[in-house]
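[1] Model the following, please.
(one chain, ligands or ions: 2)
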Amino acid sequence: MPDGSSSDAFVAFERVQKSYDGENLVVKDLNLSMPKGEFLTMLGPSGSGKTTCLMMLAGFETATHGEILLDGRPINNIPPHKRGIGMVFQNYALFPHMTVAENLSFPLEVRKMGKSDREAKVKRALDMVQMGAFGGRRPAQLSGGQQQRIALARALVFEPELVLMDEPLGALDKQLREHMQFEITRLAHDLGITTVYVTHDQTEALTMSDRVAVFDDGRIQQLDPPDTLYEGPKNSFVAQFIGENNTLEGVVTEMSGDKCVVKLDDGELIDAKPVNVSAVGDRTRVSIRPERVEFNKERLQDGAHTLKAEVLEFIYMGDIFRTRLRVAGNDEFIVKTRNAPDQVRLQPGQQIEIGWLPQDCRALDA
Ligand SMILES: Nc1ncnc2c1ncn2[C@@H]1O[C@H](COP(=O)(O)OP(=O)(O)OP(=O)(O)O)[C@@H](O)[C@H]1O
Ligand SMILES: [Mg+2]
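    Ligands and ions are numbered 1, 2, ... in the order given. Just a heads-up that it's a prediction; the model follows:
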């Protein structure tokens with residue numbers, strides 16, 4: 001079923017466009033449908049329209065064109081208090097005149113929950129974000145990261161069906177951030193909460209999500225589960241944006257089924273898989289992950305093209321070795337190898353030959 005046409009989706013964007021000034025579209029043609037309980041992350045550069053999409057889904061902004069449906073109903077027809085959406089804004093937006101505990105209790109009072117239930121839920125939510133001792137403070141008496149955790153607890157305390165989170169962990173240190181990533185995904189899955197999560201951090205996106213939507217220029221460039229996204233980028237933008245990536249430019253000279261040969265700009269030939277090229281003569285940018293580059297020729301297929309490379313730098317990183325090469329005029333070509341007992345440590349100045357399986361090298365748009 002194509003995205004956006006699903007009638008049983010819990011959240012659906014159908015051909016949504018948004019302009020703030022009546023002239024420029026900041027969201028251009030958004031189609032997205034999420035089943036109940038899905039954890040979806042929007043990932044993309046600053047200004048690509050992520051917050052705008054969350055604001056429209058929350059009902060705080062209206063779409064210029066198209067429709068946003070929540071459980072089959074247009075969001076604008078559902079009164080705010082009946083939307084059942086928990087939200088963590090990019091700027092926290094805690095109530096400054098209330099204590100931490102009052103901030104958390106508020107969404108429960110609105111829902112007419114009794115005092116003892118409220119106290120139990122507030123305590124549990126504060127413990128989840130490791131802020132149990134701070135219930136009596138006001139937001140202004142907290143650090144940025146502490147305010148962020150309270151905002152997160154407040155969005156989850158009433159166990160909403162849908163949670164929208166905009167960079168909810170941006171102000172936290174690495175250890176706390178990883179702990180909260182784990183807590184958020186565990187809670188979302190345990191309670192069956194549908195989550196739309198926004199982050200700049202691609203590792204966070206890959207580790208937390210059922211699917212990731214990569215945004216650029218007001219459009220979803222690719223929407224896929226993390227492994228498909230990382231291993232099968234559909235265009236050069238996604239290949240560059242997700243994970244580390246080596247790029248070489250050239251022209252397609254042979255094409256047969258799921259294999260092609262690309263003549264690089266310096267004249268050398270390489271094997272690739274045609275993904276976003278259609279014919280011999282097309283210019284292409286080929287994309288290969290650093291961990292898929294082979295310099296042990298025994299592991300290559302018979303007849304595979306190889307490329308000459310010069311080792312420029314060897315970096316020992318503990319679990320892996322990261323080696324920088326000069327390949328076809330590119331001085332930033334990276335190879336990653338696992339630190340195994342029989343692994344070769346390449347030395348700067350060494351001349352080697354590299355290659356890969358054609359399916360690991362993707363010929364994309366130039
Ligand atoms: N209220 C507004 N009025 C006018 N333009 C706006 C408004 N809010 C956002 N924009 C513009 O819309 C575009 C998308 O903004 P948005 O906040 O959705 O980006 P984003 O992907 O969330 O970026 P970031 O990662 O920096 O938070 C930007 O060019 C921004 O300047
Ligand atoms: Mg934003």
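[2] what's near enough to touch the nearest residue to residue 68 once chain neighbours are set aside?
    With C-beta to C-beta, 6 or more residues apart in numbering as the criterion, residue 68 has its nearest non-adjacent residue at 4.7 Å, and that residue is residue 75. Every residue, glycine included, has its C-beta placed from N, CA and C. Going by C-beta atoms under 8 Å, 6 or more residues apart in numbering, residue 75 touches 56, 57, 59, 68, 69, 83.
[3] With just CA atoms, put the longest helix along the chain into PDB.
    Of all the segments assigned as helix in the chain under DSSP state H, the longest by residue count is helix 174-191. Listed in PDB are the C-alpha atoms of helix 174-191, where the atom choice follows Å, rounded to 0.1, in the frame of the first residue of the first chain:
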ATOM      1  CA  LYS A 174      26.100  11.100  26.400                       C
ATOM      2  CA  GLN A 175      25.400   8.700  29.300                       C
ATOM      3  CA  LEU A 176      22.100  10.200  30.400                       C
ATOM      4  CA  ARG A 177      21.100  10.500  26.700                       C
ATOM      5  CA  GLU A 178      21.700   6.800  26.100                       C
ATOM      6  CA  HIS A 179      19.800   5.900  29.200                       C
ATOM      7  CA  MET A 180      16.800   8.100  28.200                       C
ATOM      8  CA  GLN A 181      16.800   6.700  24.700                       C
ATOM      9  CA  PHE A 182      16.400   3.200  26.200                       C
ATOM     10  CA  GLU A 183      13.700   4.400  28.600                       C
ATOM     11  CA  ILE A 184      11.700   6.200  25.900                       C
ATOM     12  CA  THR A 185      11.700   3.300  23.500                       C
ATOM     13  CA  ARG A 186      10.900   0.800  26.300                       C
ATOM     14  CA  LEU A 187       8.000   2.900  27.500                       C
ATOM     15  CA  ALA A 188       6.600   3.500  24.000                       C
ATOM     16  CA  HIS A 189       6.600  -0.100  23.200                       C
ATOM     17  CA  ASP A 190       5.300  -1.300  26.600                       C
ATOM     18  CA  LEU A 191       2.400   1.100  26.500                       C
END
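[4] what sits up against that helix?
    Outside helix 174-191, the residues within contact range by C-beta under 8 Å, 6+ apart are 37, 39, 128-130, 145, 149, 152, 156, 159, 163, 165, 168-169, 172, 193, 195, 197, 204, 207-208.
[5] And it, how far out from the chain middle?
    16 Å (C-alpha atoms, centre = their mean, to the nearest Å).
[6] How about stretch 18-27?
    The gap between where stretch 18-27 is centred and where its chain is centred comes out at 24 Å by C-alpha atoms, centre = their mean.
[7] do stretch 332-345 as well
    With C-alpha atoms, centre = their mean as the basis, the distance from the averaged C-alpha position of stretch 332-345 to the chain average is 27 Å.
[8] Straight-line length of it, end to end?
    The stretch stretch 332-345 measures 18 Å between its terminal residues, going by C-alpha to C-alpha, to the nearest Å.
[9] That stretch - what's its average pLDDT?
    Within the predicted structure, the mean pLDDT of stretch 332-345 is 93.
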